[in-house]
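Colleague: got a structure for you, letters missing:
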C-alpha cells in the first residue's frame, strides 16, 4: 500500500490516481474497519486507506495559501489518516471519514505551524488558535483599510490587548524563518552563515591568552623557588595538587616529622608568602598584558 506520494509520479498524477479510487459504502467501510481493529488485516487497511486518500488531498488543498508544498501537506495528512485508522472504533456508528478528518486536519495544521517558523508562539491548540485567528482577522480588517496603524489598533481591540503586544505577536506569528544557507546578497554567492561572527577566539586572542598563562606559570615557579623545602612540599601536595584533600595535614605532618598543627602553620605561612609575592607580580603582569592587548587590538582595528 502506498499511503504517501509516489516519487516517480508528479503531484498531479497522484491526485488523479487517488480521485479514481471508488468510495466505500457504509457497510463495506464498517466491515473493513472491523477487520482492521480485530485482526490488523493489511488488505483491509489498504482498502480503507486508499478509499479515503481523496479526502486528505481535499483538506490539504485548503492550506496551500501558506506557501507550502502540496506534496508535503498531503504527506502529513496521510500520517493523520493512518493515525485515525489505528484509533477508529467502528462500533460507535461514526463514518470513518468524519472521524479521520479531525486527525488529518490536526497533522496538517501542526505541519503548517512548524514549517512556518521554528520560533514558538505557544504550544498545541493555543498556538494554532493564535496563528490562524490572527491571520484571519488581519485579512478581514486589511480588506477594509490599508492603514497599518488602523489594522493594528482594530486587532488589539478584537484580541483584547495592546497595540504593542499585537505588533510583537504578529511579528512572531507571521515572520518566516530565514535559512542561514541563503545568500547574504543577491550579487554574491556567500551565505548568511558566512557573514556571522565566529564564536571562536581570534589568533590575537589565542596568543594573548597563551602569553598570559605562560606569564602566570613563570611567576608561580619563581614564587615557589623562594619557599623553603617544607613550605614548597606542602604547597605542591595541598594547594597545587589535582585533589587537595588527598593528603591531610596530619599525614603531611607525619611525613615531615612535625605535628598536624605545625603543618597547618607552615601551610598558612607558605600561602601568605605566595599571596604577597604573586599579588604584586601578577598585578604588574596583568597591566603589561592589558597594554599589549590594547596595542594589538588598536593595530588590528
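Modeller: Great, that's in hand. As the structure is a prediction and not an experimental result, all values here were calculated from the model. Residues are numbered from 1 along each chain as shown.

Colleague: Which residue, other than its chain neighbours, is closest to residue 150?
Modeller: Distances taken as Cβ to Cβ, 6 or more residues apart in numbering place residue 141 nearest to residue 150, at 7.7 Å, with adjacent residues excluded. No exception for glycine: its C-beta is placed from N, CA and C like everyone else's.

Colleague: likewise residue 77?
Modeller: Nearest non-adjacent residue to residue 77 (Cβ to Cβ, 6+ apart): residue 56, at 3.9 Å.

Colleague: For that neighbour, what is the enclosing helix or strand?
Modeller: In the assignment (DSSP states H and E), residue 56 maps to helix 53-61.

Colleague: Name the surrounding residues that touch that helix.
Modeller: 3, 15, 18-19, 21, 23, 70, 73-74, 76-78, 80-81, 97, 100-101, 104-105, 108 (Cβ atoms under 8 Å, 6 or more residues apart in numbering).

Colleague: for the helix or strand containing residue 101, packing partners?
Modeller: Per DSSP H and E: residue 101 is located in helix 96-116. Judged by 3 or more Cβ pairs under 8 Å, 6 or more residues apart in numbering; DSSP states H and E, the packing partners of helix 96-116 are helix 53-61, helix 70-87, helix 124-142.

Colleague: what angle sits between the second one and helix 53-61?
Modeller: With axes from the mean of the first three to the mean of the last three Cα atoms, to 10 degrees defining the directions, helix 70-87 sits at 130 degrees from helix 53-61.

Colleague: The residue nearest to residue 150: what's it in contact with?
Modeller: Shown in contact with residue 141 (Cβ under 8 Å, 6+ apart): 150, 151, 154, 155.

Colleague: any idea how far it lies from residue 90?
Modeller: Distance of residue 141 to residue 90, given as Cβ to Cβ, to the nearest Å: 45 Å.

Colleague: Which among the contacts of helix 53-61 count as buried?
Modeller: Neighbour-count burial (16 or more other Cβ atoms under 10 Å) applied to the contacts of helix 53-61 gives 3, 15, 18, 70, 73-74, 76-78, 80-81, 97, 100-101, 104-105, 108.

Colleague: Which one of the helices and strands packed on helix 96-116 lies nearest to residue 212?
Modeller: Closest to residue 212 of the helices and strands packed on helix 96-116, according to Cβ to Cβ: helix 124-142, at 48.9 Å.

Colleague: and the next element down the chain from the closest one?
Modeller: Following helix 124-142 toward the C-terminus (DSSP H and E): helix 148-159.

Colleague: Any buried residues in that next one, and which?
Modeller: For helix 148-159, by 16+ other Cβ under 10 Å, it's 151, 152, 153, 154, 155, 156.

Colleague: Let me have the residues you listed in CSV, extended by distance to residue 66 and pLDDT.
Modeller: Formatted as CSV, those follow (distance: Cβ to Cβ, whole Å; pLDDT from 0 to 100):
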residue, distance to residue 66, pLDDT
151, 20, 76
152, 22, 77
153, 26, 80
154, 23, 78
155, 19, 74
156, 24, 74
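
Colleague: can you tell me which of the residues you listed lies nearest to residue 136?
Modeller: Within the buried residues of helix 148-159, proximity to residue 136 (Cβ to Cβ) peaks at residue 155, which comes in at 10.8 Å.

Colleague: hang on, isn't the closest one packed against residue 134?
Modeller: Yes. The pair residue 155 / residue 134 is scored as a contact, 7.2 Å apart, by Cβ atoms under 8 Å.

Colleague: could you give me the average pLDDT of stretch 42-53?
Modeller: For stretch 42-53, the mean per-residue pLDDT is 93.

Colleague: Tell me the buried residues in stretch 260-278?
Modeller: By neighbour count on 16+ other Cβ under 10 Å, the buried set for stretch 260-278 is 263, 264, 266, 267, 270, 273, 274, 277, 278.

Colleague: Residues in contact with it: which ones?
Modeller: If you take Cβ under 8 Å, 6+ apart as the criterion, stretch 260-278 is touched by 219-220, 222-224, 226-227, 230-232, 234-235, 238-239, 248-250, 252-253, 256, 258.

Colleague: List the ones among those that fall in helices.
Modeller: 219-220, 222-224, 230-232, 234, 249-250, 252-253, 256 (DSSP state H).

Colleague: Output those residues in a markdown table; the columns should cover distance to residue 210.
Modeller: Listed next are the ones in helices among the contacts of stretch 260-278 as a markdown table, based on distance: Cβ to Cβ, whole Å:
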| residue | distance to residue 210 |
| --- | --- |
| 219 | 15 |
| 220 | 16 |
| 222 | 19 |
| 223 | 21 |
| 224 | 21 |
| 230 | 33 |
| 231 | 29 |
| 232 | 26 |
| 234 | 30 |
| 249 | 36 |
| 250 | 40 |
| 252 | 34 |
| 253 | 39 |
| 256 | 37 |
